[in-house]
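> heads up, no residue letters with this:
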């Protein structure tokens, strides 16, 4: 068999639905991240720094939590698994080793992620995806049955993770939070006392006007991100969705998944019936219920059982709309093709708009205005990415990633 040169997927071979869904995910992931950037998580509405609150803020916050939080990084994880299958087919059809190719791809994604995580923003997802990607390569040849059974177990693992920490009283991610505090102490960055322990002062971090201190604090914040991922069991859930993505990718490439309306409708309705009530319950537990052990468990249960079905329901609904020729959805396509660039640009733009080293807007606006800002930023990305793709095949970061991987 002749061995051909391995190249990126040609534009003509791209699946529009995947670009649309990826672009949509990038937008809603930004709306899920912007409460951190904007200070909504750290400055209460009655804070003296708050300049504008709208009556709609509480409604927007609740709706966003129910319909967005956790759903679109789940969809992005699904797309990651689908992408793995597409790259597997691309590599093997040309007689190339998929494992060595994909590991190289994940290596450079890990480098991008670590820089993003420890220098710019603790909410990075690239690092986690890259690390799990090194494991994912060993599942591309597993049977569909093995993939789905393993995925189901992993998606429920956050419950076991919570039970282990609760009943053994062993909070195993504790060391990462303590290490963050140690980094802050080493660089003499601001700390606050919480429950008898010293913790980084995130208000001071957001308000900080010294760019060198910004990088110093981010070195510590990255360890908090690791601790939070471990505490909520996100590793299990994300990898489980990766496996569903591999299954879906096979059905897309070798079957008729994206044109199978009866199946897509079934996924939509089952996911909606299971996911929507559980996500409303999770929202109630988060914002209105008492904080106790039972409600903490129920919150984890709703997250484990409700997020993935609802995310799959959303993905199926988009597939159905694409089948019906919904032209509005093409708005998301260009961002989907430049997803890595747009995702990283979110950090840059949000830091400039909100942080003390930028325009110092942190903590000043309520949920409604912050979500309007996120929408305006995204629409700007839509216009810029459309113009960019008229002249170039890939976004800037996509080009760099491919240059490093394929050369």
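Happy to help now that I have it. Predicted, not measured: the structure shown is a model, and the values here were computed from it.

> tally of neighbours for residue 290?
7 (other Cβ atoms under 10 Å). Any C-beta I mention is one placed from the backbone N, CA and C, and that applies to glycine too.

> So it lies in a helix, does it not?
No - read with DSSP: H, G, I helix; E, B strand; the rest coil, residue 290 is coil and lies in no helix.

> in this protein, which residue is closest to the centre?
Centroid-nearest residue in the chain: residue 73, 3.4 Å away (criterion: Cα atoms, centre = their mean).

> quick one: contacts for that one?
Residue 73 is in contact with 25, 29, 32, 125, 238, counting by Cβ atoms under 8 Å, 6 or more residues apart in numbering.

> Equivalent analysis for residue 158, please.
So residue 158 contacts 232-234, 236-237, 300, 303-304 (Cβ under 8 Å, 6+ apart).

> how close does the residue nearest to the centre of the chain sit to residue 314?
12 Å (Cβ to Cβ, to the nearest Å).

> do residue 95 as well
Taking Cβ to Cβ as the measure, residue 95 falls 38 Å from residue 314.

> for residue 15, same thing?
According to Cβ to Cβ, residue 15 stands 17 Å off from residue 314.

> So which of those two has more stuff around it?
residue 314 (24 against 15).

> Surely residue 23 is within a helix?
Yes - applying three-state DSSP, one finds residue 23 inside a helix.

> how many neighbours does it have?
25.

> quick one on the thing from earlier: include pLDDT and secondary structure when you put the contacts of residue 73 into CSV, please.
Formatted as CSV, those follow (pLDDT from 0 to 100; DSSP: H, G, I helix; E, B strand; the rest coil):
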residue, pLDDT, secondary structure
25, 97, helix
29, 97, helix
32, 96, helix
125, 95, coil
238, 97, helix
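
> what's the closest of those to residue 213?
The shortest approach to residue 213 among these belongs to residue 125, at 24.9 Å (Cβ to Cβ).

> so what's the closest one closest to, chain neighbours aside?
residue 73 (6.3 Å; Cβ to Cβ, 6 or more residues apart in numbering).

> Please identify which helix or strand holds that neighbour.
Using DSSP states H and E, residue 73 maps to helix 71-93.

> Mind checking the pLDDT average for the helix or strand following that helix?
Per DSSP H and E, helix 71-93 leads on to helix 98-115 as the next helix or strand towards the C-terminus. The average of the pLDDT scores along helix 98-115 is 96.

> Mind listing what's buried along helix 98-115?
In terms of neighbour count (16 or more other Cβ atoms under 10 Å), helix 98-115 has its buried residues at 98, 101-102, 105-106, 108-110, 112-114.

> Quick check: pLDDT value at residue 327.
Residue 327 is given a pLDDT of 84.

> What's the local residue count around it?
For residue 327, the tally of surrounding residues (other Cβ under 10 Å) stands at 6.

> Leaving out sequence neighbours, find the closest residue to residue 306.
residue 278 (2.8 Å).

> quick one, what contacts the one you found?
Contact analysis of residue 278 by Cβ under 8 Å, 6+ apart lists 302, 305-306, 309-310.

> wait, what's in contact with residue 321?
residue 329.

> for the one 3 residues further on, same thing?
Applying Cβ under 8 Å, 6+ apart, one finds that residue 324 lies in contact with no residue.

> List phi and psi for it.
phi -90, psi 0 (degrees, to the nearest 10).

> And residue 393, by the same measure?
The phi and psi values for residue 393, taken as degrees, to the nearest 10, are phi -70, psi -30.

> and it, how many residues sit next to it?
Counted with other Cβ under 10 Å, residues neighbouring residue 393 total 12.

> pLDDT value on it, please?
Taking residue 393 on its own, its pLDDT is 93.

> cool, and residue 255?
On pLDDT, residue 255 comes in at 85.

> do you know how far it is from residue 269?
For residue 255, the distance to residue 269 - Cβ to Cβ - is 20 Å.

> Next: residue 230.
Taking Cβ to Cβ, one finds residue 230 at 34 Å from residue 269.

> Between those two, point out the one with more neighbours.
Taking other Cβ under 10 Å, residue 230 and residue 269 do not tie; residue 230 has more neighbours (18 against 13).

> Quick check: buried residues in stretch 381-390?
Buried residues in stretch 381-390, counted by 16+ other Cβ under 10 Å: 381-382, 384-385, 388-389.

> can you name the two of the contacts of residue 73 that are farthest apart?
Taking Cβ to Cβ as the measure, those have their most distant pair in 32 and 238, spaced 14.6 Å apart.

> For these two, work out which one has more neighbours and name it.
residue 238 (22 against 19).

> from what I can see the more buried one touches residue 128, true?
Yes - here residue 238 reaches residue 128: they are 6.4 Å apart, a contact under Cβ atoms under 8 Å.

> tell me the angle the lengthiest helix in the chain makes with helix 71-93.
Identified as the longest helix of the chain according to DSSP state H is helix 293-323. Per axes from the mean of the first three to the mean of the last three Cα atoms, to 10 degrees, the angle that helix 293-323 makes with helix 71-93 is 60 degrees.

> same question for helix 293-323, mean pLDDT?
Here the average pLDDT along helix 293-323 is 96.

> Over to stretch 349-363?
Stretch 349-363 comes out with an average pLDDT of 96.

> need the contact list for residue 156.
304-305.

> Tell me the spacing between it and residue 282.
Where residue 282 is concerned, residue 156 sits at a distance of 16 Å (Cβ to Cβ).

> Give the residue spans of the stretch 1-150 of the chain that score low on pLDDT.
Across the stretch 1-150 of the chain, the ranges flagged by pLDDT under 70 are 1-14.
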